[in-house]
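# Curious how this folds, go ahead:
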Amino acid sequence: MQRNITERFEDAISSLKQEILELKQQYKENRKEIAFLSRANIKKALESFNEKSSNDESTNMKNIQAELMHCEQELEVIKALTGIVLTRCLKKKETRTEKVIFSHKLMGQCRFLSFAVAFETLSLQPERCEVIHVNIQMDCEENSDLIKLVSRTHESLNLLGFFRTLSTFTEWCEYRQSTFSQFKDKYPLAVGLPLGSSADYMVLMNPDLPGCEWILVWKITINEEGAVTPVLDLLPKIPVQAAAFDRTGILKSAAVRFKTLLRALGLQATIENIIQSFCMKRGSN
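Next up is the predicted model:
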């Protein structure tokens, strides 16, 4: 009986020793983990993470800057080719009856004309969209052709055609303005611009013939297809008494001869020719 009790105690002691050894081993492993998670190692890990994050952020910033530079270069090319500069662009996504619709608003200038264009596009598959509504606001009350262009675009939804026509129209207007200004500066006494260089006509005068003038009318028209065409005419403004002495019919044939000169010499040379032959004082070069 005594022996059985002794054996049980020995077994218990042996078991406790084994458990102590296991606890010591676990304690050593825990110390290693604690050492690994020490403040120095945590700081080193954080520094490594921060360095990696900083590198990633720097790379992302460089990519964004390169993309922005590319976009700016493309906008400069568009401005040079079309004269169109966008000052504000807005886009909003909506869902209507299970259809994805985007609302857009563009604000900007096409050379000297400001515009605001609001339109909606319906998202199609795959990666396609369709313009379903257009609203254009532009200061064009004094030009019936532009008013008609805006109205047609509202119906046709052809925004690409609208901007193409607008670009060509404003380019011709600027060319006309620069041409009028050029001749006014070169011949200040012979050329008159009663409504300024942006108007659609200029007056040619001869100081030796008071009251006798030629009106050079330069219209810029837009047809229903959006084609832009310059139309030029030379109209006499002569007193009735002076017109009675036109026995050779120069006044009546002036418009036809003017168009013939345009085809033969071009615009600049034709205007120069008229000024030199009609507007210069006698004896002047």
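
# show me where this protein has helices.
Per DSSP state H, the chain has helices spanning 2-36, 39-82, 144-156, 159-186, 240-243, 250-265, 267-274. These are given in chain order.

# The ones you listed: lowest mean pLDDT?
Here these differ in mean pLDDT, and the lowest is helix 240-243 at a mean of 56.

# Tell me the spacing between residue 101 and residue 132.
Distance from residue 101 to residue 132, counting by C-beta to C-beta, to the nearest Å: 7 Å. Placement of C-beta: from N, CA and C, glycine included.

# do the same with residue 111
In terms of C-beta to C-beta, residue 111 sits 29 Å off from residue 132.

# Settle it for me: which of those two has more neighbours?
Between residue 111 and residue 132, counted using other C-beta atoms under 10 Å, the more crowded position is residue 111 (16 against 12).

# Surely that one and residue 169 touch.
No. Residue 111 is not in contact with residue 169 according to C-beta atoms under 8 Å; the separation is 9.2 Å.

# can you list contacts of stretch 81-100?
75, 78-79, 101-111, 122-123, 163, 166-167, 170-171, 174 (C-beta atoms under 8 Å, 6 or more residues apart in numbering).

# Which PyMOL command selects the buried ones in those?
In PyMOL, this line selects whichever of the contacts of stretch 81-100 come out buried by 16 or more other C-beta atoms under 10 Å:
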select buried, resi 79+101+104+106+108+110+111+163+166+167+170+171
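
# Pretty sure residue 102 sits against residue 132.
No. Here residue 102 lies out of contact with residue 132, judged by C-beta under 8 Å, at a distance of 10.0 Å.

# Need the overlap of contacts for those two.
With C-beta under 8 Å, 6+ apart, residue 102 and residue 132 have common neighbours 120-121.

# any idea how this structure splits into domains?
2-61, 83-139, 170-279 (automatic domain parsing).

# picking up where we left off before, overlap of the contact sets of residue 101 and residue 132?
Taking C-beta under 8 Å, 6+ apart as the criterion, residue 101 and residue 132 both touch 120-122.

# Dump these to JSON lines, plus pLDDT and distance to residue 159.
Listed next are the shared contacts of residue 101 and residue 132 as JSON lines, based on pLDDT from 0 to 100; distance: C-beta to C-beta, whole Å:
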{"residue": "120", "pLDDT": "94", "distance to residue 159": "11"}
{"residue": "121", "pLDDT": "92", "distance to residue 159": "10"}
{"residue": "122", "pLDDT": "91", "distance to residue 159": "14"}
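
# Which residues are in contact with residue 149?
Residues in contact with residue 149, defined by C-beta under 8 Å, 6+ apart, are 162, 165-166, 222, 226.

# Go through the residues you listed and give me the one with the most neighbours.
Highest neighbour count within the contacts of residue 149, by other C-beta under 10 Å: residue 166, with 27 neighbours.
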